[in-house]
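[1] need the 3D shape of this:
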Amino acid sequence: MESRGISYEPVEYRHFPYIWAAAKRGVFDIGEATADEFKGELSQLLADLMEKGGEGYIGIAKKGDREIPVCLCLIEYQQSRAYPNVWWFPEATARNKIELSVKFLIELKADFLVLIPVQEREVAHFFHLCKYGLIRKVGTIREYFPDGKAVLFQSV
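    Predicted coordinates for the structure are as follows:
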């Protein structure tokens, strides 16, 4: 699924080194985990997600003449709803983030009601997506995250 230099593909074991590199740079909270421990935990997380019918994807962007991974997206499905979670790698540009977000949302909302709880510090990106008519803010949820409330967006 390619468009304007961005694409995504299902997470495979060959992607783990890129995810580990992102983890070492603070994308995920891994504590003192070693590469093997992290890969084991990630494998288990993906297995659990897929057992429940969810999916995992790696977002890819073109940089010059090569393609680089720019995010990990895990999607959990419940009934007719999709709950995507995206972790952006440091290589992701603002344009990569918008283009991949738009691509994910267009494809997800064709079949599901997409619900996205967002930490307050991340709402600017989602308000920008609202301008494209893909999502809208529908409220807040108190004490959703350990460090505060969530702003809830849904597909339109």
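[2] for the chain, what spans make up the helices?
    16-24, 35-51, 94-109, 123-130 (DSSP state H).
[3] pull the contacting residues for residue 61.
    Counting by Cβ atoms under 8 Å, 6 or more residues apart in numbering, residue 61 touches 5-6, 67-68, 70, 91-93, 96, 99-100. C-beta here means a position set from N, CA and C on the backbone, and glycine is covered the same way.
[4] one step back: lowest mean pLDDT across the helices of the chain, which one is that?
    Of all these, mean pLDDT reaches its minimum on helix 35-51 (a mean of 83).
[5] just give me the neighbour total for residue 115.
    For residue 115, the neighbour count with other Cβ atoms under 10 Å is 16.
[6] turn the helices of the chain into TSV, columns for distance to residue 61 and mean neighbour count.
    Converted to TSV, these look like this (distance: least, Cβ to Cβ, whole Å; neighbours: other Cβ atoms under 10 Å):
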stretch	distance to residue 61	mean neighbour count
helix 16-24	12	18
helix 35-51	21	14
helix 94-109	4	18
helix 123-130	16	14
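[7] dump those helices to a markdown table, plus distance to residue 154.
    Below are the helices of the chain laid out as a markdown table (distance: least, Cβ to Cβ, whole Å):
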| stretch | distance to residue 154 |
| --- | --- |
| helix 16-24 | 28 |
| helix 35-51 | 21 |
| helix 94-109 | 9 |
| helix 123-130 | 11 |
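[8] mind checking how far the nearest residue to residue 134 once chain neighbours are set aside is from residue 93?
    Residue nearest to residue 134 in three dimensions, not counting chain neighbours: residue 105, with 4.6 Å by Cβ to Cβ, 6 or more residues apart in numbering. According to Cβ to Cβ, to the nearest Å, residue 105 and residue 93 sit 18 Å apart.
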